[in-house]
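1. Build the 3D model from these lines:
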Amino acid sequence: MFIGELSRRTGVSTRSLRYYEQQGLLRPQRRASGYREFDESDVATVRRIRILLAAGLNTDLIREVLPCMADEGAILAPTCEEMAQDLKAERERLGRSIEQLQAAHAMLGSIIHAGGPATVRADCDG
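-> Modelled structure (predicted):
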(Lines give C-alpha, C1' and ligand atoms only; values in the text may rest on other atoms or scores of the structure.)
Protein backbone atom coordinates (compact mmCIF):
# COMPACT_ATOMS: atom_id res chain seq x y z
CA MET A 1 0.00 0.00 0.00
CA PHE A 2 1.12 3.56 -0.60
CA ILE A 3 1.59 6.18 2.09
CA GLY A 4 -1.86 7.71 1.56
CA GLU A 5 -3.54 4.37 2.22
CA LEU A 6 -1.43 3.81 5.34
CA SER A 7 -2.40 7.29 6.50
CA ARG A 8 -6.10 6.56 5.99
CA ARG A 9 -5.91 3.19 7.74
CA THR A 10 -3.98 4.47 10.76
CA GLY A 11 -5.33 8.01 11.08
CA VAL A 12 -1.75 9.32 11.05
CA SER A 13 -0.76 12.11 8.68
CA THR A 14 1.54 11.37 5.78
CA ARG A 15 3.92 13.95 7.24
CA SER A 16 4.15 11.95 10.47
CA LEU A 17 4.64 8.72 8.54
CA ARG A 18 7.53 10.28 6.62
CA TYR A 19 8.99 11.45 9.93
CA TYR A 20 8.72 7.92 11.34
CA GLU A 21 10.58 6.67 8.29
CA GLN A 22 13.24 9.36 8.71
CA GLN A 23 13.68 8.28 12.35
CA GLY A 24 14.09 4.62 11.33
CA LEU A 25 10.78 3.52 12.84
CA LEU A 26 9.26 2.50 9.49
CA ARG A 27 11.15 0.93 6.59
CA PRO A 28 8.95 0.88 3.50
CA GLN A 29 10.08 -0.64 0.24
CA ARG A 30 10.80 1.79 -2.57
CA ARG A 31 9.46 1.22 -6.05
CA ALA A 32 11.54 2.15 -9.09
CA SER A 33 9.37 5.26 -9.33
CA GLY A 34 10.49 6.27 -5.81
CA TYR A 35 7.08 5.72 -4.26
CA ARG A 36 7.03 4.19 -0.79
CA GLU A 37 5.27 0.86 -0.51
CA PHE A 38 4.18 -0.30 2.92
CA ASP A 39 3.28 -3.81 4.08
CA GLU A 40 0.16 -4.81 5.99
CA SER A 41 2.37 -5.22 9.07
CA ASP A 42 3.16 -1.49 8.95
CA VAL A 43 -0.40 -0.73 10.10
CA ALA A 44 0.35 -2.53 13.39
CA THR A 45 3.79 -0.92 13.58
CA VAL A 46 2.29 2.57 13.32
CA ARG A 47 -0.18 1.65 16.06
CA ARG A 48 2.72 0.56 18.30
CA ILE A 49 4.63 3.75 17.54
CA ARG A 50 1.61 5.87 18.49
CA ILE A 51 1.16 3.99 21.78
CA LEU A 52 4.83 4.40 22.67
CA LEU A 53 4.78 8.10 21.77
CA ALA A 54 1.67 8.56 23.92
CA ALA A 55 3.52 6.82 26.76
CA GLY A 56 6.12 9.59 26.60
CA LEU A 57 8.95 7.77 24.85
CA ASN A 58 11.10 9.63 22.36
CA THR A 59 11.78 8.26 18.89
CA ASP A 60 15.33 7.14 19.78
CA LEU A 61 14.04 4.89 22.55
CA ILE A 62 11.10 3.74 20.42
CA ARG A 63 13.54 2.68 17.69
CA GLU A 64 15.32 0.49 20.28
CA VAL A 65 12.27 -1.08 21.91
CA LEU A 66 9.96 -1.42 18.91
CA PRO A 67 11.41 -4.77 17.74
CA CYS A 68 10.80 -6.16 21.24
CA MET A 69 7.15 -5.16 21.58
CA ALA A 70 4.20 -7.48 21.07
CA ASP A 71 0.52 -6.69 20.90
CA GLU A 72 -1.51 -8.00 23.80
CA GLY A 73 -4.98 -6.82 22.96
CA ALA A 74 -5.22 -3.06 23.35
CA ILE A 75 -1.81 -2.78 25.04
CA LEU A 76 1.80 -3.59 24.22
CA ALA A 77 4.07 -5.93 26.12
CA PRO A 78 7.87 -6.13 26.04
CA THR A 79 9.24 -9.44 24.79
CA CYS A 80 12.90 -8.79 25.68
CA GLU A 81 13.94 -8.52 29.36
CA GLU A 82 16.49 -5.79 28.63
CA MET A 83 13.79 -3.69 26.97
CA ALA A 84 11.55 -4.16 30.01
CA GLN A 85 14.37 -2.72 32.13
CA ASP A 86 14.74 0.27 29.76
CA LEU A 87 11.00 0.89 29.97
CA LYS A 88 11.08 0.73 33.77
CA ALA A 89 13.90 3.29 33.82
CA GLU A 90 11.94 5.54 31.47
CA ARG A 91 8.85 5.21 33.69
CA GLU A 92 10.93 6.27 36.71
CA ARG A 93 12.25 9.28 34.79
CA LEU A 94 8.70 10.25 33.83
CA GLY A 95 7.61 9.85 37.45
CA ARG A 96 10.29 12.30 38.58
CA SER A 97 9.21 14.75 35.88
CA ILE A 98 5.59 14.44 36.99
CA GLU A 99 6.57 15.15 40.60
CA GLN A 100 8.48 18.25 39.53
CA LEU A 101 5.56 19.48 37.44
CA GLN A 102 3.12 18.87 40.29
CA ALA A 103 5.36 20.83 42.66
CA ALA A 104 5.58 23.70 40.16
CA HIS A 105 1.79 23.58 39.69
CA ALA A 106 1.23 23.77 43.45
CA MET A 107 3.72 26.64 43.78
CA LEU A 108 1.97 28.63 41.06
CA GLY A 109 -1.35 27.98 42.77
CA SER A 110 0.07 29.32 46.04
CA ILE A 111 1.43 32.41 44.33
CA ILE A 112 -1.83 33.10 42.50
CA HIS A 113 -3.96 32.71 45.61
CA ALA A 114 -1.56 34.31 48.12
CA GLY A 115 -2.75 37.89 47.74
CA GLY A 116 -6.21 37.39 46.35
CA PRO A 117 -7.86 39.88 44.01
CA ALA A 118 -8.16 42.62 46.66
CA THR A 119 -4.38 43.00 46.92
CA VAL A 120 -3.62 43.27 43.23
CA ARG A 121 -1.63 46.44 42.71
CA ALA A 122 -2.86 49.05 40.30
CA ASP A 123 0.49 49.19 38.51
CA CYS A 124 0.25 45.53 37.42
CA ASP A 125 -0.68 45.51 33.76
CA GLY A 126 -0.66 41.69 33.49
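
2. how about the residue nearest the centre of the chain, what does it touch?
-> Residue closest to the average C-alpha location in the chain (C-alpha atoms, centre = their mean): Leu53, at 1.5 Å. Going by C-beta atoms under 8 Å, 6 or more residues apart in numbering, Leu53 touches Thr59, Ile62. Just so you know, the C-beta spots here come from the backbone N, C-alpha and C atoms, and that holds for glycine as well.

3. Chain neighbours aside, what residue packs nearest to Tyr35?
-> The shortest distance from Tyr35 to any non-neighbouring residue, by C-beta to C-beta, 6 or more residues apart in numbering, is to Phe2 (6.0 Å).

4. didn't the one you found look like it was pressed against Gly34?
-> No: taking contacts as C-beta atoms under 8 Å, Phe2 lies outside contact range of Gly34: 11.5 Å.

5. burial count for Arg36?
-> Neighbours of Arg36 under the rule other C-beta atoms under 10 Å: 20.
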